[in-house]
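*Asks:* Have a look at this prediction, sequence included:
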Amino acid sequence: MTDEQEPDYRFTLANERTYLAYLRTSLACYAGGLSAVQFLDLGPDRWLARIIGVVLVTAGIVTTAGAFRRWQQNLTAMRSGGRLPVTRLPVVLGATIIAVGLIGLLVSLWR
């Protein structure tokens with residue numbers, strides 16, 4: 001007999017929905033970052049648009065990787081009957097989005 005047991009399917013499906021929500025968020029970060037680089041006109045060198053783009057695309061990559069890791073850890077914890085692991089992914093993602101939003105606000109007030 002193994003220590004792993006199949007969790008209630010509702011928890012498995014909820015874990016999947018959370019994973020997919022993180023993937024949608026990472027896609028939005030990719031789209032926002034690429035759009036910033038392509039369409040923001042913030043001066044002749046466009047360095048600020050590039051920084052915003054790089055930060056958002058990097059946030060998308062981190063979110064994608066973190067979401068997969070979180071999905072795996074949650075599934076393992078549910079199957080072994082352990083506690084669900086704590087994650088900092090929402091805090092990091094929220095802080096990144098706040099920082100980019102504040103930069104956008106400052107730039108719009110500055111122009």
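*Replies:* All right, it came through fine.
*Asks:* what comes up buried for the longest helix along the chain?
*Replies:* Scanning the chain for the helix with the most residues, using DSSP state H, yields helix 47-80. For helix 47-80, the neighbour count (16 or more other Cβ atoms under 10 Å) marks 48-49, 52-53, 55-57, 59-60, 62-64, 66-67, 70-71, 73-75, 78 as buried. For every residue, glycine as well, the C-beta is placed using N, CA and C.
*Asks:* so who does the residue most central in space within the chain touch?
*Replies:* Centroid-nearest residue in the chain, with Cα atoms, centre = their mean: residue 63, separated by 3.1 Å. Going by Cβ atoms under 8 Å, 6 or more residues apart in numbering, residue 63 touches 22, 25, 26, 29, 89, 93.
*Asks:* how about 6 Å then?
*Replies:* Neighbour list for residue 63: 22, 25, 26, 93 [criterion: Cβ atoms under 6 Å, 6 or more residues apart in numbering].
*Asks:* Tell me how many other residues crowd the third one.
*Replies:* Residues lying near residue 26 (other Cβ atoms under 10 Å) number 21.
*Asks:* That one is in contact with residue 58, isn't it?
*Replies:* No: with contact defined as Cβ atoms under 6 Å, residue 26 does not reach residue 58; the gap is 10.6 Å.
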